[in-house]
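S.K.: Would you be able to build a 3D model of this:
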Amino acid sequence: MQQPQAVLLPGEYEAGETARQIVDVAVDKKAADVTLIEIGKVTTLADYFVIASGNSDRQIGAIRSAIQERMKEDGVRLLQSEGVPSDGWVLLDYGQVIVHIFAPEQRAFYDLERRWQEAPTLLKIQ
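M.R.: Alright, predicted model coming up:
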């Protein structure tokens, strides 16, 4: 017997699939050290963090733009965006999925993987 499929209302999305699509876009834009963490296991803040690094302001901006474009195409609404590439950190808040794009120095400083170490790491692409 086939399992019933969840019906998503307009504007809703499946967070796990969205997180994986964001990972794919980041990798396509040559992001370094892409990590997917299931923070929903330890907090109600969100279900997933996608963390990636860019080696320059330009690359951080390109990763951000590509993710925003893909999510817009998929009908996933951006709730909030913070930071600018020249500061070495950009945050994209898609509700259940939060994306952090860092320069290597800022990533080491904030060390989100250590801060959220109790949450399962689902994927890590060097």
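S.K.: Find the residue ranges of this structure scoring beneath the pLDDT cut-off.
M.R.: Scanning the chain for pLDDT under 70 picks out the ranges 1-13.
S.K.: Does N55 lie in a helix or a strand, and which?
M.R.: Secondary-structure assignment from DSSP states H and E places N55 in no helical or strand segment.
S.K.: thought Q126 was touching T35?
M.R.: No. If you go by Cβ atoms under 8 Å, Q126 and T35 don't touch, sitting 9.7 Å apart. The C-beta positions use only the backbone N, C-alpha and C, and glycine is treated the same way.
S.K.: These two - which one has more neighbours?
M.R.: Neighbours were counted for Q126 and for T35 using other Cβ atoms under 10 Å; T35 has more, 22 against 6.
S.K.: from memory K124 sits against T35, does it?
M.R.: Yes. The pair K124 and T35 qualifies as a contact (Cβ under 8 Å) at a distance of 5.0 Å.
S.K.: SS state for R20?
M.R.: Look at R20: counting by DSSP: H, G, I helix; E, B strand; the rest coil, its state is helix.
S.K.: which ones are touching the closest residue to L91 other than its chain neighbours?
M.R.: Leaving out its chain neighbours, the residue that sits closest to L91 by Cβ to Cβ, 6 or more residues apart in numbering is E82, at 4.4 Å. By Cβ atoms under 8 Å, 6 or more residues apart in numbering, the contact list for E82 reads 90-91, 93.
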